[in-house]
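In: The following block contains a protein sequence and its predicted model.
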Amino acid sequence: MTQSVYTVTGMTCGHCVTSVTEEVSALDGVQHVDVDLPTGTLTITSDTPPTTDDVRAAVTEAGYELANA
């Protein structure tokens, strides 16, 4: 298992966290997603690390932005 950490911008509420969690959880190999609203930290636990482009696409689909990674 590996962990990848990113920063998501634009989240303001619990619904934001749920949206990001659902989209990122759908990526291949992802086992667990933790989103910390106050810091905007997105931690992904996966079999193999997803590509930054895949994570960015999932976060964008949820309606938010991935900070420079």
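Out: Nice, thanks for sending it over. Numbers count the residues shown, from 1 in each chain.
In: can you map out the helices along this structure?
Out: Residue ranges of the helices in the chain, as given by DSSP state H, are 14-25, 52-62.
In: As TSV, those with distance to residue 41 and mean neighbour count would be great.
Out: The C-beta positions use only the backbone N, C-alpha and C, and glycine is treated the same way. Formatted as TSV, the helices of the chain follow (distance: least, C-beta to C-beta, whole Å; neighbours: other C-beta atoms under 10 Å):
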stretch	distance to residue 41	mean neighbour count
helix 14-25	11	17
helix 52-62	12	17
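In: Out of those, which gets nearest to residue 40?
Out: helix 14-25 (9.6 Å; C-beta to C-beta).
In: what about the residue nearest to residue 29 when sequence neighbours are not counted, distance to residue 27?
Out: Nearest residue to residue 29 in three dimensions, chain neighbours excluded: residue 47, at 4.1 Å (C-beta to C-beta, 6 or more residues apart in numbering). With the distance defined as C-beta to C-beta, to the nearest Å, residue 47 ends up 11 Å from residue 27.
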